[in-house]
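Trainee: Have a look at this prediction, sequence included:
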2 protein chains.
Amino acid sequence: MGAADAQKAAPCVALLSEVLDMQYLAEAFRQTCPDIDLRLGADLGRLDDIDVGVCWFPPHRRLAQLPNLKLVQSLAAGIDHLLADPALPRHLPLCRVVDTNMAAGMKAYVTWAVVEQQRRMRAYVERSAASLWEEQPFENPRRHRVGIAGLGHLGMACAAALASIGYPVRGWSRSPKTELPDRVTGFHGAGQLDEFLSGCDTLVCLLPLTPQTRGFLNAALFAKLPRGAHLINVGRGDHLVEADLLPALNAGQLSAATLDALSQEPLPAGHPFWGDPRILITPHIATRTDRLVIAQQTLANLALLQRGQRPPHQVDLERGY
Amino acid sequence: MGAADAQKAAPCVALLSEVLDMQYLAEAFRQTCPDIDLRLGADLGRLDDIDVGVCWFPPHRRLAQLPNLKLVQSLAAGIDHLLADPALPRHLPLCRVVDTNMAAGMKAYVTWAVVEQQRRMRAYVERSAASLWEEQPFENPRRHRVGIAGLGHLGMACAAALASIGYPVRGWSRSPKTELPDRVTGFHGAGQLDEFLSGCDTLVCLLPLTPQTRGFLNAALFAKLPRGAHLINVGRGDHLVEADLLPALNAGQLSAATLDALSQEPLPAGHPFWGDPRILITPHIATRTDRLVIAQQTLANLALLQRGQRPPHQVDLERGY
């Protein structure tokens, strides 16, 4: 079948990842489009059939081998895993998934992580298991300041949820935000970063990963936080300079770290973060994009492009998100 | 000094509890009123001096011995600990503390407890300690229904916080509520209780303790919840029929219980709840009233009464809250 005919037939979608078994998405795509031509695994069949590459850390140079590709679709909100491909076809439309339900998972995780440390809930869990009725010092959430670095869709959502509990919340973003949630104070740009950091008893990183934000969480930044701050990284592993974390914990500058994203995933056995009681590692589970939402947005994006329209979540590659 | 003169002098306040060392409140009262006449401990001095009894499970019949008492002040939102006194002077004004900051502690605790179970966070904490990168099944908060029994100040606040995260929230109260938080569905009265319960994947008890609500959490109620529901009791210990809990857990009708209030506190050693991995016991710490707020409201209430005015948080003893 030639490229001209393919546009009229069912779409041909390749599921491309070097780190995930993409089979988990197949059913959602078939449910959304029963006669879809799905390709996955090592053998993708005739490469010129493929209209769309749905990607999560795709094999490098794979997308460049698809001559009739019309859309590069990230299966998540982030696109850094695509930009890592040195042969990414940058002339093609690149879309990310924006799943409003995804914010719920992130809000639940971040809220839990803030309270877990702030209210010393782990101590209570341990005492309950040991049959001990033993109070921990109480600090009202109203006296614990939470800062969110990154005020995109997820950052805004987390700021609103934490403010709803009663935490004084501040947010920092590259450029000023006009519409902040109630009771959230905004900071922006390099000029206001230090002032922002000085009031973060907990710092939540929800930045996009760009060349500017890589290594954002480093020793110099930790030094600007209040002593004993709690770091929550739900951005990307490469936001954190891993070598700077244990020294900051050992010095007491940080009291704890909750890391849902690591530079190398799974975190390798023997890594010094494992087993450190001050560090909680979770396997990149803060939230998940709904499979059906991935399938539906991918096929809707393709249909829009085929009609000459711009999909709503197409990425501006200059800006990086 | 006679009773007539006492009104012009500094107030005389007795701190009365059979279960707490009330010394922890002394500084807050002295800070609020430096020349206060504070009485606490076994020897209260001349009983006819005392204007106010600030109470938390006061010794039975103690209040009735104070001839010039003008105000019975609970140091918390609940008054059941006062109603337990068979000689409570019911003709006197009885006030509870309403601390808007107290809601923040409760919201943080309840939100944490909901997420802890719903997102299987304890499994992640355990795996992190064991150096295991191992994903648990993901269920979006949008598909987990949380019910709040009791829509007073704290119930409303928790409903709003959970809805802000994305949980579908329903609330139940004795009488209909006109102003519910956004995205919270209201149920009321005995007639809508079963329908309410049928949609509670997590049930949070924040009812006041009254003769009608004592034993509210019992086997018949558990049977009306969705199978595998999580019970969170942040009301009073006596809301729960303790003997009904383990059978419901053993049968799988409940999957977990988070109990911050117990009939007997501290929970006695050897109690069957201790050490059960499905039950989390916390030592009545979900929230705490700010000490300064207790002192300030107590003295403001006394001043209002002495001017013949009704304090804002005086309790209607017929209704019980």
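Mentor: Thanks, I have the structure now.
Trainee: CA atoms for contacts and neighbours, from now on please.
Mentor: Noted.
Trainee: How many residues are close by A:Ser255?
Mentor: Residues near A:Ser255, counting by other CA atoms under 10 Å in any protein chain shown, number 19.
Trainee: What of the one 10 residues further on?
Mentor: A:Glu265 is flanked by 13 other residues according to other CA under 10 Å.
Trainee: Any stretches of the stretch 151-300 of chain A with poor pLDDT?
Mentor: Within the stretch 151-300 of chain A, not a single segment meets pLDDT under 70.
Trainee: Can you pull the residues of it lying near chain B?
Mentor: Within the stretch 151-300 of chain A, the positions near chain B by CA under 8 Å from any CA of the partner chain are A:158, A:160-161, A:164-167, A:266-267, A:269, A:274-277, A:280-283, A:285, A:288.
Trainee: Just the buried subset of the residues you listed, please.
Mentor: A:158, A:160-161, A:164-167, A:267, A:274-275, A:280-283, A:285, A:288 (16 or more other CA atoms under 10 Å in any protein chain shown).
Trainee: mind pulling up the phi and psi values for the residue most central in space within chain A?
Mentor: The centroid of chain A falls nearest to A:Gly235 when counting by CA atoms, centre = their mean (4.7 Å). In terms of degrees, to the nearest 10, the main-chain angles of A:Gly235 are phi -90, psi -110.
Trainee: Is it in contact with A:Leu209, as I believe?
Mentor: Yes: taking CA atoms under 8 Å as the definition, A:Gly235 is a contact partner of A:Leu209 at 7.4 Å.
Trainee: Strands along chain A, start to end?
Mentor: Using DSSP state E, the strands found in chain A span residues A:12-17, A:37-40, A:52-56, A:71-74, A:94-95, A:146-149, A:169-173, A:184-188, A:202-205, A:229-233, A:254-259, A:279-281.
Trainee: Can you tell me which of those is packed in deepest?
Mentor: Among these, strand A:146-149 has the highest mean neighbour count (mean count of other CA atoms under 10 Å in any protein chain shown), at a mean of 28.
Trainee: Tell me which strands that one pairs with, and in which orientation.
Mentor: strand A:169-173 (parallel), strand A:202-205 (parallel) (DSSP bridges).
Trainee: contacts for the last one?
Mentor: What it means is strand A:202-205. A:110, A:114, A:144-150, A:197, A:229-235 (CA atoms under 8 Å, 6 or more residues apart in numbering or on different chains).
Trainee: 7 Å instead?
Mentor: For strand A:202-205, contacts defined as CA atoms under 7 Å, 6 or more residues apart in numbering or on different chains pick out A:145-150, A:229-235.
Trainee: now swap in the first one and tell me
Mentor: Taking contacts as CA under 7 Å, 6+ apart, the residues outside strand A:169-173 that touch it are A:145-151, A:159, A:162-163, A:184-189, A:196.
Trainee: what are the ranges of the helices in the stretch 201-321 of chain A?
Mentor: Applying DSSP state H, counting those that start in this stretch to the stretch 201-321 of chain A gives helices spanning A:219-223, A:245-250, A:291-306.
Trainee: which of these is buried the deepest?
Mentor: Most buried among the helices of the stretch 201-321 of chain A, counting by mean count of other CA under 10 Å: helix A:291-306, with a mean of 19.
Trainee: elements contacting that helix?
Mentor: helix A:26-32 (3 or more CA pairs under 7 Å, 6 or more residues apart in numbering or on different chains; DSSP states H and E).
Trainee: Off-centre distance for the helix it packs on?
Mentor: Its chain's C-alpha centre and that of helix A:26-32 lie 24 Å apart, by CA atoms, centre = their mean, to the nearest Å.
Trainee: Can you point out the buried residues in it?
Mentor: Quick answer for helix A:26-32 (16+ other CA under 10 Å): A:26, A:28-29.
Trainee: contacts for stretch A:285-296?
Mentor: Taking CA under 7 Å, 6+ apart as the rule, stretch A:285-296 contacts A:25, A:28-29, A:32, A:75-76, A:97, A:99, A:102, A:105-106, A:109, A:260.
Trainee: out of these, which are buried?
Mentor: A:25, A:28-29, A:75-76, A:97, A:99, A:102, A:105-106, A:109, A:260.
Trainee: out of those, which one sits closest to A:Gln314?
Mentor: A:Val97 (9.1 Å; CA to CA).
Trainee: wait, what's in contact with that closest one?
Mentor: A:74-77, A:294, A:297, A:313.
Trainee: Over to A:Gln192?
Mentor: A:Gln192 touches nothing, counting by CA under 7 Å, 6+ apart.
Trainee: what's the spacing between it and A:Leu162?
Mentor: With distances taken as CA to CA, to the nearest Å, A:Gln192 is found 22 Å from A:Leu162.
Trainee: Equivalent analysis for A:Arg214, please.
Mentor: A:Arg214 is 26 Å from A:Leu162, by CA to CA.
Trainee: more neighbours, the two?
Mentor: A:Leu162 (29 against 17).
Trainee: Leaving out the residues flanking it, which one is nearest to the more buried one?
Mentor: Once flanking residues are discounted, A:Leu162 sits nearest to A:Thr111: 6.4 Å by CA to CA, 6 or more residues apart in numbering or on different chains.
Trainee: Give me the neighbour count for the one you found.
Mentor: If we define neighbours as other CA under 10 Å, then A:Thr111 has 21 of them.
Trainee: isn't it right up against A:Ser164?
Mentor: No: look at A:Thr111 against A:Ser164 with CA atoms under 7 Å: they stay out of range, at 10.5 Å.
Trainee: Which pLDDT value goes with A:Gly105?
Mentor: A:Gly105 is assigned 96 on the pLDDT scale.
Trainee: For the contacts of stretch A:285-296, work out which two are farthest apart.
Mentor: For these, and using CA to CA, no pair is farther apart than A:Thr32 and A:Asp260, which are 30.4 Å apart.
Trainee: contacting residues around A:Leu206?
Mentor: Taking CA under 7 Å, 6+ apart, one finds A:148-150, A:155, A:234-235 in contact with A:Leu206.
Trainee: Ignore what I typed, I meant A:Leu231.
Mentor: So A:Leu231 contacts A:202-204, A:256-258 (CA under 7 Å, 6+ apart).
Trainee: likewise A:Asn140?
Mentor: B:104-105 are the contacts of A:Asn140 under CA under 7 Å, 6+ apart.
Trainee: and the closest residue in space to A:Val114 that isn't next to it in sequence, bridged to which residues?
Mentor: Nearest-residue entry for A:Val114: A:Thr202, 7.1 Å, with adjacent residues in sequence omitted and distances by CA to CA, 6+ apart. Beta-bridge pairing of A:Thr202 under DSSP bridges involves A:Val146, A:His230.
Trainee: could you measure the residue nearest to A:Phe29 when sequence neighbours are not counted against A:Asp51, distance?
Mentor: Excluding the flanking residues, the one nearest A:Phe29 by CA to CA, 6+ apart is A:Ala295, at 5.0 Å. Remark: distance between A:Ala295 and A:Asp51 (CA to CA) = 14 Å.
Trainee: Same question for A:Leu82.
Mentor: 17 Å.
Trainee: for A:Ile281, what are its contacts?
Mentor: Per CA under 7 Å, 6+ apart, neighbours of A:Ile281: A:258-260, B:128.
Trainee: who touches the closest residue to A:Gly45 other than its chain neighbours in this structure?
Mentor: Spatial nearest neighbour of A:Gly45, excluding adjacent residues (CA to CA, 6+ apart): A:Arg39 at 7.4 Å. Residues in contact with A:Arg39 (CA under 7 Å, 6+ apart) are A:13-15.
Trainee: Swap in 8 Å and give it another go.
Mentor: Contacts of A:Arg39 by CA under 8 Å, 6+ apart are A:12-15, A:45.
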